[in-house]
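**Q** Sharing a sequence plus its predicted fold:
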Amino acid sequence: MIIATWNINGIKARIEVLVAWLKEANPDVVCLQEIKSVDENFPAGPIEELGYNVATHGQKGFNGVAILSKRPFDELTPRLPGDDGDEQARYLEAVISGDEGAVRVASIYLPNGNPVDTEKYPYKLAWMERLIAHAQNHLEQEEPLVLAGDYNVIPQDGDCYSASAWADDALALPQTRERFRTLMGLGFTDALRAVTPEEGLYTFWDYQAGAWQRNNGIRIDHLLLSPQAADRLKQCETTSHVRGWEKPSDHIPVWIDLAI
DNA sequence: ATGTCGATACTTTATCGA
């Protein structure tokens, strides 16, 4: 089962690129972030024509996540527990059955957190605490679990083109990395790091300052695997060529192949 | 590098978020 994650930066602006990539890669499950659309305006038609079920958890203008799946959804749960007053659409969870068992998949759009001297950074850190608590509860079930999405976290200096350029950014600050390490320490495997130690494998290049042409990228889109999912991992790849397409997202798809 | 996008609104050019 091919499971991908992709921050598409606006579904209405990206539907043609998304359809092109679905035809090329033929993934079974796709976790989308930053759909920037309410549910009723999500252009599901062209995706459904390719054989996908579509589940969305959107909001007006910003944020918003979705999951596409060729198999039906056994369960669908929007919202990250832990703060009933949080109105930002950043989390959608599904259970999907394959030929050899079921997998729980979450589409995660973790807060960016910049500028760090505003309320945005404590919101990010609190959101990460909620994710840690929720993930810990799921791990106790000892089931295949994939937490996929835009984490807005650069885990290590080797995951960005210039550590000094990102040192004071919400994506790389020590408090951010400390919470990411806490999450990983619960027992997760970073899928890409399970297949390669290679540095410079990026998932995001800014639109500004010729970042793509200069390969000034960062790795912030991750698929974290529970032990039961990691046991079934066959492959993980980034798809950097998609960043060179016409009218691209600033992020690229990252996918795993699980024996499920 | 004030460098670029996408969505929104008392819109046609600004703002915000990333």
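**A** It's in. Numbers count the residues shown, from 1 in each chain, chains lettered A, B, ... in the order given.
**Q** which parts of chain A sit against DNA strand B?
**A** By CB under 7 Å from any atom of the strand, the residues of chain A that approach DNA strand B are A:9-14, A:36-38, A:60-63, A:111-112, A:114, A:120, A:207-210, A:247. (Glycine included, C-beta is placed from N, CA and C.)
**Q** Filter the residues you listed down to just the ones in helices.
**A** In helices, defined here by DSSP state H, the members of the residues of chain A next to DNA strand B are A:11-14, A:120.
**Q** Which of the residues you listed are buried, as a PyMOL select command?
**A** In PyMOL, the members of those classed as buried (16 or more other CB atoms under 10 Å) are selected with the following command:
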select buried, chain A and resi 11+14
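**Q** Using TSV, lay out the ones in helices among the residues of chain A next to DNA strand B together with pLDDT.
**A** Compiled in TSV, those are given as follows (pLDDT from 0 to 100):
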residue	pLDDT
A:Ile11	97
A:Lys12	96
A:Ala13	96
A:Arg14	97
A:Lys120	96
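**Q** A:Ile108 should be in a helix, yeah?
**A** No - A:Ile108: not assigned to a helix; according to DSSP: H, G, I helix; E, B strand; the rest coil it is strand.
**Q** I'd say it and A:Asn152 touch.
**A** No - assessed by CB atoms under 8 Å, A:Ile108 is found out of contact with A:Asn152, at 9.7 Å.
**Q** Kindly format the C-alpha coordinates of the lowest-mean-pLDDT helix or strand in chain A as CSV.
**A** In chain A, no helix or strand scores lower on mean pLDDT, DSSP states H and E than helix A:163-166, which sits at a mean of 95. This file holds the C-alpha atoms of helix A:163-166, laid out as CSV (Å, rounded to 0.1, in the frame of the first residue of the first chain):
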residue,chain,number,x,y,z
ALA,A,163,21.7,25.4,9.6
SER,A,164,22.6,29.0,10.4
ALA,A,165,19.9,30.4,8.2
TRP,A,166,17.2,28.4,10.1
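**Q** just the strands in the stretch 151-260 of chain A please.
**A** Applying DSSP state E, counting those that start in this stretch to the stretch 151-260 of chain A gives strands spanning A:189-190, A:204-205, A:217-218, A:221-225, A:233-238, A:254-258.
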